[in-house]
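Show me how the following folds:
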Amino acid sequence: MTHLIAKFLKVLNSETDPLQISLGFCFAMIFGLTPLFSIHNIIILLAVLILRVNLSAFIVGWAFFTALSFALDPLFHIIGLAVLTTPALEELWTTLYNTTIFRLANFNNTILMGSLLFSVILFIPLMIVSNALIKKYREHFLAWVEKTKIMQLFKASKIYRAYQTVHGWKE
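Model prediction:
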């Protein structure tokens with residue numbers, strides 16, 4: 001787990017576009033908050049692999065949101081139950097349930113419905129907020145760390161120059 005966090009911090013400090021990191025984190029929210037073995041998670045995984053999404057952010061976000069989902073399951077049940085028992089939507093749910101693909105998708109599960117609805121609604125706000133936070137982090141905190149005497153001494157060392165040389169080989 002510490003290796004994943006270190007990779008995530010490396011991504012935050014790299015030249016990777018903040019939107020790619022934010023998208024990875026947002027897709028991880030849907031993937032982590034909803035039950036793992038779901039048809040929509042296959043679609044999310046395909047989107048992550050097709051789009052230019054940062055995989056480190058996705059994996060770290062998946063671990064974070066999976067742990068968070070256990071605490072939020074009662075809330076997801078309440079949301080899913082409210083949506084599935086709304087009288088105005090009863091005919092829609094009956095029609096969808098009579099379709100094979102929707103029956104396989106298991107959307108009649110209150111926790112799955114609640115968590116999917118919750119995560120889809122929060123997708124855009126989380127992307128906007130995380131994108132802004134990454135930019136602020138890079139502007140203020142990373143700039144402050146770069147200016148510290150310890151970092152300047154470290155960058156002047158032979159170890160750092162060797163690291164830069166080896167790091168350039170990977171690209």
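
in the chain, which segments are predicted with low confidence?
Counting by pLDDT under 70, the ranges of the chain that qualify are 1-6, 151-171.

Closest to the centroid, which residue in it?
Among the residues of the chain, Phe25 comes closest to the average C-alpha position under Cα atoms, centre = their mean, at 2.2 Å.

Surely it touches Gly61?
Yes - applying Cβ atoms under 8 Å, one finds Phe25 in contact with Gly61, separated by 4.2 Å. (Glycine included, C-beta is placed from N, CA and C.)

Give the buried residues for stretch 7-17.
Buried residues in stretch 7-17, counting neighbours by 16 or more other Cβ atoms under 10 Å, are found at 7-8, 11-12, 16.

now these as JSON lines including secondary structure and distance to Leu46?
Formatted as JSON lines, the entries for the buried residues of stretch 7-17 read as follows, by DSSP: H, G, I helix; E, B strand; the rest coil; distance: Cβ to Cβ, whole Å:
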{"residue": "Lys7", "secondary structure": "helix", "distance to Leu46": "23"}
{"residue": "Phe8", "secondary structure": "helix", "distance to Leu46": "23"}
{"residue": "Val11", "secondary structure": "helix", "distance to Leu46": "22"}
{"residue": "Leu12", "secondary structure": "helix", "distance to Leu46": "26"}
{"residue": "Thr16", "secondary structure": "coil", "distance to Leu46": "21"}
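
Out of these, which comes closest to Glu146?
Ranked by distance to Glu146 (Cβ to Cβ), the buried residues of stretch 7-17 are led by Leu12 at 13.6 Å.

Does the closest one touch Leu133 like I think?
No - with contacts counted by Cβ under 8 Å, Leu12 stays clear of Leu133, the gap being 9.8 Å.

Can you get me the centre-to-centre distance for stretch 130-141 and its chain?
The gap between the average C-alpha position of stretch 130-141 and the chain average comes to 17 Å, counting by Cα atoms, centre = their mean, to the nearest Å.

residues near Trp62, how many?
22 (other Cβ atoms under 10 Å).

Name the next helix or strand following the one helix or strand it maps to along the chain.
Counting by DSSP states H and E, the secondary-structure element that holds Trp62 is helix 55-84. Tracing the chain C-terminally past helix 55-84 and defining elements by DSSP H and E, one meets helix 90-97 next.

follow-up on the earlier one: export the buried residues of stretch 7-17 as JSON lines, with columns for distance to Phe141.
As requested, the buried residues of stretch 7-17 are exported to JSON lines (distance: Cβ to Cβ, whole Å):
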{"residue": "Lys7", "distance to Phe141": "18"}
{"residue": "Phe8", "distance to Phe141": "15"}
{"residue": "Val11", "distance to Phe141": "15"}
{"residue": "Leu12", "distance to Phe141": "9"}
{"residue": "Thr16", "distance to Phe141": "16"}
